[in-house]
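>>> A predicted structure for the sequence below; I have some questions about it.
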Amino acid sequence: MNDKSLDIIEEGRLAIKIEIEGLERVRQGLDHQFEQAVHLILSSKGRVILTGIGKSGLVGRKIAATLASTGTPSIFLHPAEALHGDLGMVMSGDVVIAISNSGETQEVNALLPAFKERDVAVIAFTGNRSSTLAKHSDCVIDTGVKREACALGLAPTASTTACLAVGDALAVVLLKLRRFSEQDFRRNHPSGTLGERLRVSVGQVMLTGQGVPTVRTGARMEQVVMTIDKKGLGAALVLDDADHLVGIVTDGDLRRAMVRHGQMFSKMPVDEIMTTNPKTVMPEALAADALALMETHLITVLPVVGQDGRLAGIVHLHDLLGKGQFKFIV
């Protein structure tokens, strides 16, 4: 049932605005307790255990995954399962991050005596500094927000976003303090699509030989159009007699030239239409770098050139995003 009086776009913007307000409140409220949490984790000889239930539990799972992939060993512990045997996962030397907006979540607070017995430090993510959880924690990070984006004020929205942001902040700071490198990140993603993106070189995914659309300087535009059409990459690379790349002609260049020159277009030399000094990448560059260059300059193909300036191949956006044999998600 549609309410025609409801401005859907404005309601969406309002929800996002409320979440931004919550994030800003949490950002400004970060204090020495956040710093203490960082040092607790850095000095720990064990793992970081995330725990929470409901939406807080889902947030905890995400934070645990982010920490683990960025150099801080972490797992998620479901409070109900913990009370039925999974507490065996928690060892002396671990650090617990317990998430509860109210700080009075019964299932979470029931674990606090067991954490103390195991000599485990507890970091609380809560919106209530006076809560049971806060009082029994070693440090408290205030993730409280003024209001939820939910019109009823019931569904966790802005508060869960705030917790996620604080978790990301912890992960980023720890990553920097540990001097966690891109190479370390790859080791944690040996078979994932993101790992592939960071690991593979352009030389491994570029098209070479007959697959590369090339024409020579001086070629007529009718030949250039035929080359672009035949190779299907939306561009032709212009080479001199020594196979040095001197320019590129894209589909966009063709359209603009046809509008500008009309019937004379097909007989014109490519030198008058091509874009000189095109963006290029070297075979040794990472595929991720090639993609970043494409995104920055809003282009879909990159010529690949060697140290001597000679053309080595071409890489297309589709080769990076999944329509070829090499597939990954950005």
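Done, it's in.

>>> And the protein, what are its domain boundaries?
In terms of domains, the chain is parsed into 8-180, 202-321 (source: automatic domain parsing).

>>> Reformat the ones you listed as CSV; add mean neighbour count and mean pLDDT.
Quick note: C-beta positions are derived from backbone N, CA and C, even for glycine. As requested, the domains of the chain are exported to CSV (neighbours: other CB atoms under 10 Å; pLDDT from 0 to 100):
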stretch, mean neighbour count, mean pLDDT
domain 8-180, 18, 93
domain 202-321, 17, 88
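
>>> Glu222 reaches Met264, doesn't it?
No: using CB atoms under 8 Å, Glu222 makes no contact with Met264, being 11.5 Å away.

>>> Next, show the common contact partners of those two.
Common contacts of Glu222 and Met264 (CB atoms under 8 Å, 6 or more residues apart in numbering): none found.

>>> Leaving out chain neighbours, which residue sits closest to Pro303?
Among residues not flanking Pro303 along the chain, Thr280 sits closest, at 4.9 Å (CB to CB, 6 or more residues apart in numbering).

>>> That neighbour and Leu83, how far apart?
60 Å (CB to CB, to the nearest Å).

>>> got it, and Ser159?
Taking CB to CB, one finds Ser159 at 24 Å from Leu83.

>>> Now do the longest helix that the chain contains: everything it contacts.
Longest helix in the chain, counting residues (DSSP state H): helix 8-29. Residues outside helix 8-29 that contact it (CB under 8 Å, 6+ apart): 142-149, 157-159, 161-162, 165-166.

>>> These: which two are farthest apart?
For the contacts of helix 8-29, the maximum inter-member distance is 18.7 Å, found between Asp142 and Ala149 (CB to CB).

>>> Skipping its backbone neighbours, what lies nearest Met258 in space?
Met258's closest residue in space is Phe265 (CB to CB, 6+ apart), at 5.0 Å.

>>> Wait, a helix at the one you found?
Yes: Phe265 sits within a helix when classified using DSSP: H, G, I helix; E, B strand; the rest coil.

>>> ok, it touching Ala257?
Yes: using CB under 8 Å, Phe265 is in contact with Ala257, at 5.4 Å.

>>> Give the residues shared as contacts by those two.
Met221.

>>> The helix or strand hosting Leu40 relative to helix 8-29, how many degrees between them?
When elements are assigned from DSSP states H and E, Leu40 belongs to helix 32-43. Angle, helix 32-43 to helix 8-29, by axes from the mean of the first three to the mean of the last three CA atoms, to 10 degrees: 80 degrees.

>>> contacts for stretch 209-216?
Applying CB under 8 Å, 6+ apart, the contact partners of stretch 209-216 are 223-224, 227-228, 230-231, 233, 235-241, 249, 270, 311, 313-314.

>>> From Val96, how far out is Val38?
Using CB to CB, Val38 is found at 15 Å from Val96.

>>> ugh, wrong one, I meant Lys17
33 Å.

>>> for Glu81, same thing?
From Glu81 to Val96 the distance is 15 Å (CB to CB).
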